[in-house]
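*Asks:* Provided below for reference: sequence and predicted model.
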Amino acid sequence: MTPSVQPPEETFCMDCGPDAALERHGSAMLRCPRGGAGQRIPALPLFVVTGARGVGKTTVTASLRSRLPDCDVFEIDATLQVAALGWEVWRNTWLRLVHEVALNGRVSVLCGSLQPDQLEHLPARTLIGPVHCCVLDCPDAVLASRLRARPSWRGTSTETAIAQHQRYAAWLRATIDPCFDTSLLTPEQTADQIATWIRQQMKASPVSR
């Protein structure tokens, strides 16, 4: 039986081989450190809609799709089985997918619990453009009520889990801007505000596709 070979995490030079990882030069070019061969990459932005469990990320995803027809909107938990290989592998896989979407000239919006600092040092980070992040939020009491109402198999309805997610929500609230309070807005209103923010960011920093 042929032994399995671990695929390289980095984008490499097809002439020099897997140990010659391409390096980022400027905003839209990768180059081989040996032969100098270049590969253009789209410099399209990535948008992340993050938040603690229970704030409404999944609920808002469908509404965002209808409001952003020029973007591809993803619920990142759809690929959680990949996380069995490691959380960094899972996150890096999403960046690879974002790159493939960008090759089609489209911008990606990832809805799920991601932080910008979790992406910056991943191998595939060189393949994508700037990352813009917003956070969905709600008061602690509302979050606790939502998490208690979830089925027990999700592991978020215990008092220990609730306190953990409340702390995470507080950290996101203090760290990421803009912040949208889903206790004050319907899912449709939340989607409207997020879509407006994304369009404003794209207009402020236009990139060639």
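*Replies:* Structure received. Residues are numbered from 1 along each chain as shown.
*Asks:* Please name the nearest non-neighbouring residue to residue 168.
*Replies:* Spatial nearest neighbour of residue 168, excluding adjacent residues (Cβ to Cβ, 6 or more residues apart in numbering): residue 52 at 4.7 Å. No exception for glycine: its C-beta is placed from N, CA and C like everyone else's.
*Asks:* who touches the one you found in this structure?
*Replies:* Residues counted as contacts of residue 52 (Cβ atoms under 8 Å, 6 or more residues apart in numbering) are 113, 137, 143, 165, 166, 168, 169, 172.
*Asks:* now with 10 Å?
*Replies:* Residues in contact with residue 52 (Cβ atoms under 10 Å, 6 or more residues apart in numbering) are 113, 135-138, 143, 147, 156, 164-173.
*Asks:* Which members of the residues you listed come out as buried by neighbour count?
*Replies:* Burial by neighbour count, judged by 16 or more other Cβ atoms under 10 Å, picks out 113, 135-138, 143, 147, 156, 165-166, 168-169, 172-173 from the contacts of residue 52.
*Asks:* mind listing which of those are in strands?
*Replies:* Counting by DSSP state E, the members of those that fall within strands are 135, 136, 137.
*Asks:* Point out where the protein drops to low pLDDT.
*Replies:* For the chain, applying pLDDT under 70 flags the ranges 1-17, 19-31, 34-39, 206-209.
*Asks:* try 80 this time
*Replies:* In the prediction, the chain carries residues with pLDDT under 80 at positions 1-41, 205-209.
*Asks:* That one: helices as residue ranges?
*Replies:* For the chain, the helices defined by DSSP state H occupy 57-67, 87-103, 116-119, 140-148, 159-175, 187-204.
*Asks:* mind giving me the domain split of the chain?
*Replies:* Using automatic domain parsing, the domain ranges for the chain come out as 12-41, 46-203.
*Asks:* Most tightly packed of those domains?
*Replies:* Mean neighbour count, computed with mean count of other Cβ atoms under 10 Å, is highest for domain 46-203 among those, reaching a mean of 17.
*Asks:* centre of the chain versus that domain, how much separation?
*Replies:* Averaged C-alpha coordinates place domain 46-203 at 6 Å from its chain's average position (Cα atoms, centre = their mean, to the nearest Å).
*Asks:* Distance across it, terminal residue to terminal residue?
*Replies:* 14 Å (Cα to Cα, to the nearest Å).
*Asks:* what do you get for stretch 178-197?
*Replies:* Looking at stretch 178-197, the gap from its leading to its trailing residue is 9 Å under the measure Cα to Cα.
*Asks:* Could you do stretch 77-85 as well?
*Replies:* From start residue to end residue, stretch 77-85 stretches across 15 Å - Cα to Cα.
*Asks:* right, and the helices of the chain - which one's nearest residue 47?
*Replies:* Evaluated with Cβ to Cβ, the helices of the chain place helix 187-204 nearest to residue 47, the distance being 5.3 Å.
*Asks:* who's in contact with the closest one?
*Replies:* Taking contacts as Cβ under 10 Å, 6+ apart, the residues outside helix 187-204 that touch it are 44-45, 47, 49, 55-68, 70-71, 73, 107, 109, 111, 130, 132, 134, 136, 178, 180-182, 184-186.
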